[in-house]
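Novice: mind folding the following:
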Amino acid sequence: MFLANQPLPADPEALRAFAADLQAELARKDIELAANAAEIHAKTLHIEKLKMQLAVLRRARFGRSSEKLDHDIEQLELRIGELEADLAAQDARANDAAARTGPSSPARPRPRQQPVRKPLPEHLPRQTVTHEPTCACPGCGGTTFSRIGQDEREVLEYVPSSFKVICHVRPKLSCRSCETIVQSPMPSLPIERGRPGPGLIAHVVVSKYCDHTPLHRQSVIYAREGVELDRATLADWVGQAEFLLAPLAEAIGRHVRAGSVLHADDTTVPVLAPGKGKTNTGRLWVVVRDERPWGSEVPPAAFYLYSPDRKGIRAEALLGTCQGFLHADGYTGFDRLFRPTKPDGDPPLIEVACWSHVRRKLYDVHHATASPIAKEALERIAALFAIESSIHGRSPEQRAAMRKEYAQPLLEPLQAFLATSLRQVSGKSALAQAIRYALSRWKALTRYVDNGRLEMSNNAAERAMRPPVLGRRNYLFCGSDAGGQRAACMYTIIETCRMNGINPQAYLADVLARIADHPIHRINELLPWRWSK
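Specialist: Predicted coordinates for the structure are as follows:
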């Protein structure tokens, strides 16, 4: 118990001893508060240092080979979150101790700088709780008051998601004249004779493919709400949803492939191989149409396909009907698409190589060896990317003009620098390999300068590959090739919703409520960018 809470003794000698003890206690508290303040300050500096490291990692992250870097970023974000939680708890304890000691304590810690609060969203429902004061004045005991104002403070609260049962009642009526029975038809449900509503199916799908929560974990979450839904039941719902949504995903694919400027990429997907005791390696492919960087109003979209291997015919299946320009990495499976189909004809697709891949290879060399050649090349490439940032969203004509004015004078010296450097280093070194990667693709790398509709990198496709990569970490594997195809269907719809700023759960809940009865020849009406609640 604190001495400050104890009654004062009446005896003078005892009072002197009490005062001495009280001073000693205050001195001890001052020392503790000063130590806490110093520790809080040290932790704050450490958090700021980690945030700087996180910013550096985020700037360095690009390309499909950045998965290890993504892991480092996630671990660093977790570490920062834990440190900030520790700091908040320690700050609260220090403030509580300072309040007990008194506001005049010289060791009272300086309040920690809090993050800037954003206003609470206007679309959220509001509930007003009025706290009436006491009915009697604490000063004089009076009971008559006049209002002079009020203080308001908004607090953000969370109401856990909940289940509800909707009972569809359809009265049967009999005509008294002819005894004909009249009854309203049962509203269509996503799963005929099934029990889940469209909102629940949408939640299960989005939780699995957008929030990366496997079905067995969802089953445990629902059980906490008192609703027993085993994994097999949830899996059946997801399969039924794929059957309904597959035509919609194909419609998105037709929209994507109709674009004249595309981005493509692929990533590995572990797939169970029953009887082998191991997993096979499948591939998830994506082709992206995103014309927003050059001011087009065509809706962006992403289309995914699954294949059990990485043969060239898979790339042709993905892009065989496309014509125009293709941003891609150096995968040789695309080579047949870059060759004319007729002796005197044009190729179906024209290759646009990715500067992010060039930068990544040089960065790996510089990180491992601190090569001055790699460092200078990275600085020159960074200047090219800075130009791209300044022209984002402008018209194709403006982009091409500014690239010729500012980027073209930088590219020619960069090519000469790389060619000269290649002769100065060992031909078998990693730096030589990185330089040869750039020089061997120089025409495809510089094609973007003359065409304002093209991009300097393939980042659009690589961004679309992040959800499958995160999901792969949580699922560990797909159950079968059919599971890979199902994932491609769901990722197509969910990623397209994200690119168009649409809530995928609200969208899927509405679409699943209507798609079973929707005419198949009018499926384009349900595309995300045409959706309205």
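Novice: in stretch 439-454, what's buried?
Specialist: With burial defined by 16 or more other Cβ atoms under 10 Å, the residues of stretch 439-454 counted as buried are 441, 442, 444, 445, 446, 447, 448, 449, 451, 452, 453, 454. In short, each C-beta sits where N, CA and C put it, glycine included.
Novice: ok, how many other residues are close to residue 485?
Specialist: Look at residue 485: counted by other Cβ atoms under 10 Å, it has 18 neighbours.
Novice: contacts only, for the residue lying closest to residue 503 once chain neighbours are set aside.
Specialist: Leaving aside its sequence neighbours, residue 503 sits nearest to residue 497 (Cβ to Cβ, 6 or more residues apart in numbering; 7.2 Å). Counting by Cβ atoms under 8 Å, 6 or more residues apart in numbering, residue 497 makes contact with 503, 504, 507, 528.
Novice: neighbour-wise, which one of the residues you listed leads?
Specialist: With neighbours taken as other Cβ under 10 Å, the top of the contacts of residue 497 is residue 528, carrying 24 neighbours.
Novice: mind telling me what element residue 313 is part of?
Specialist: Following DSSP states H and E, one finds residue 313 within helix 312-319.
Novice: and residue 455, by the same measure?
Specialist: Assigning secondary structure by DSSP H and E places residue 455 outside every helix and strand.
Novice: what about it, distance to residue 385?
Specialist: 11 Å (Cβ to Cβ, to the nearest Å).
Novice: compare neighbour counts for these two and give me the winner.
Specialist: residue 455 (23 against 15).
Novice: and the gap between that one and residue 468?
Specialist: Applying Cβ to Cβ, the value for residue 455 to residue 468 is 21 Å.
Novice: I'd like the next helix or strand past the helix holding residue 313.
Specialist: Counting by DSSP H and E, the element after helix 312-319 in chain order, helix or strand, is strand 324-327.
Novice: any idea which helix or strand in the protein has the lowest mean pLDDT?
Specialist: Sorting the helices and strands of the chain by mean pLDDT, DSSP states H and E puts helix 67-101 at the bottom, at a mean of 60.
Novice: average model confidence for the helix or strand following that helix?
Specialist: Sequence order places strand 173-174 as the next helix or strand after helix 67-101, per DSSP H and E. pLDDT averaged over strand 173-174 equals 88, rounded to a whole number.
Novice: how about stretch 185-197?
Specialist: Model confidence over stretch 185-197, given as mean pLDDT, is 82.
Novice: ok, and for it, which residues are buried?
Specialist: Along stretch 185-197, the positions that meet the burial threshold by neighbour count (16+ other Cβ under 10 Å) are 189, 190, 191, 196, 197.
Novice: again, but for stretch 513-529
Specialist: Taking 16+ other Cβ under 10 Å as the neighbour-count basis, stretch 513-529 is seen to contain the buried residues 513, 515, 518, 526, 527, 528, 529.
Novice: got the CA coordinates for that stretch in CSV?
Specialist: Extracted in CSV, the C-alpha atoms of stretch 513-529 (Å, rounded to 0.1, in the frame of the first residue of the first chain):
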residue,chain,number,x,y,z
ALA,A,513,-28.3,-15.0,-55.2
ARG,A,514,-29.1,-14.3,-58.9
ILE,A,515,-26.7,-16.3,-61.1
ALA,A,516,-28.6,-19.6,-60.9
ASP,A,517,-31.6,-18.1,-62.8
HIS,A,518,-29.6,-15.6,-64.9
PRO,A,519,-29.6,-16.2,-68.7
ILE,A,520,-26.2,-17.6,-69.7
HIS,A,521,-26.1,-15.4,-72.8
ARG,A,522,-26.4,-12.3,-70.6
ILE,A,523,-23.6,-13.3,-68.2
ASN,A,524,-21.7,-10.1,-69.1
GLU,A,525,-24.3,-8.1,-67.1
LEU,A,526,-22.9,-9.6,-63.9
LEU,A,527,-19.2,-8.6,-64.5
PRO,A,528,-17.8,-6.8,-61.5
TRP,A,529,-17.4,-3.4,-63.1
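Novice: chain center to that stretch: distance?
Specialist: Using Cα atoms, centre = their mean, to the nearest Å, the distance from the centre of stretch 513-529 to the centre of the chain it belongs to is 27 Å.
Novice: going along the chain, name the strands of the stretch 251-400 of the chain.
Specialist: If DSSP state E, counting those that start in this stretch is used as the criterion, the strands of the stretch 251-400 of the chain fall at 261-273, 278-289, 301-307, 324-327, 349-352.
Novice: out of those strands, nearest to residue 202?
Specialist: Distance to residue 202, taken as Cβ to Cβ, is lowest for strand 301-307 among the strands of the stretch 251-400 of the chain, at 18.8 Å.
Novice: can you pull out the low-pLDDT segments for the stretch 251-400 of the chain?
Specialist: 272-277 (pLDDT under 70).
Novice: spit out the contact partners of the residue nearest to residue 269 when sequence neighbours are not counted.
Specialist: Sequence neighbours aside, residue 282 is the residue nearest to residue 269 in space, at 4.4 Å (criterion: Cβ to Cβ, 6+ apart). Residue 282 makes contact with 268, 269, 270, 271, 306, 307, 308, 309, 478, 481, 484 under the criterion Cβ under 8 Å, 6+ apart.
Novice: and residue 23, how far is that from residue 242?
Specialist: In this view, residue 23 and residue 242 are 75 Å apart by Cβ to Cβ.
Novice: out of these two, which sits in the busier spot?
Specialist: Ranked by neighbour count (other Cβ under 10 Å), residue 23 and residue 242 place residue 242 first, with 19 against 11.
Novice: correct me, but that one touches residue 492?
Specialist: No: applying Cβ atoms under 8 Å as the test, residue 242 and residue 492 come out as separate, 10.9 Å apart.
Novice: any chance of the contacts of residue 282 in a markdown table, plus neighbour count?
Specialist: Shown next, in a markdown table, are the contacts of residue 282 (neighbours: other Cβ atoms under 10 Å):
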| residue | neighbour count |
| --- | --- |
| 268 | 15 |
| 269 | 26 |
| 270 | 16 |
| 271 | 20 |
| 306 | 24 |
| 307 | 21 |
| 308 | 15 |
| 309 | 10 |
| 478 | 23 |
| 481 | 16 |
| 484 | 24 |
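Novice: ok, of these, which one's closest to residue 411?
Specialist: Distance to residue 411 across these (Cβ to Cβ) is lowest for residue 268, with 33.4 Å.
Novice: what's the closest non-adjacent residue to the closest one?
Specialist: The spatially closest residue to residue 268, leaving aside those adjacent along the chain, is residue 281, at 5.3 Å (Cβ to Cβ, 6+ apart).
Novice: I'd say that neighbour and residue 266 touch.
Specialist: No: with contacts counted by Cβ under 8 Å, residue 281 stays clear of residue 266, the gap being 11.4 Å.
Novice: out of those two, which sits in the busier spot?
Specialist: With neighbours defined as other Cβ under 10 Å, residue 281 and residue 266 compare such that residue 266 has more, 26 against 13.
Novice: list the contacts of that one.
Specialist: 283, 284, 285, 286, 310, 331, 465.
Novice: count of residues packed around the first one?
Specialist: To tie it back to what came earlier, the one meant is residue 283. 20.
Novice: quick one on the thing from earlier: turn the buried residues of stretch 185-197 into JSON lines, columns for distance to residue 391.
Specialist: Output for the buried residues of stretch 185-197, formatted as JSON lines (distance: Cβ to Cβ, whole Å):
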{"residue": "189", "distance to residue 391": "50"}
{"residue": "190", "distance to residue 391": "45"}
{"residue": "191", "distance to residue 391": "49"}
{"residue": "196", "distance to residue 391": "48"}
{"residue": "197", "distance to residue 391": "47"}
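Novice: quick check, nearest of the residues you listed to residue 376?
Specialist: Nearest member of the buried residues of stretch 185-197 to residue 376, counting by Cβ to Cβ, is residue 190, at 58.5 Å.
Novice: pretty sure the closest one is in a helix, no?
Specialist: No: read with DSSP: H, G, I helix; E, B strand; the rest coil, residue 190 is coil and lies in no helix.
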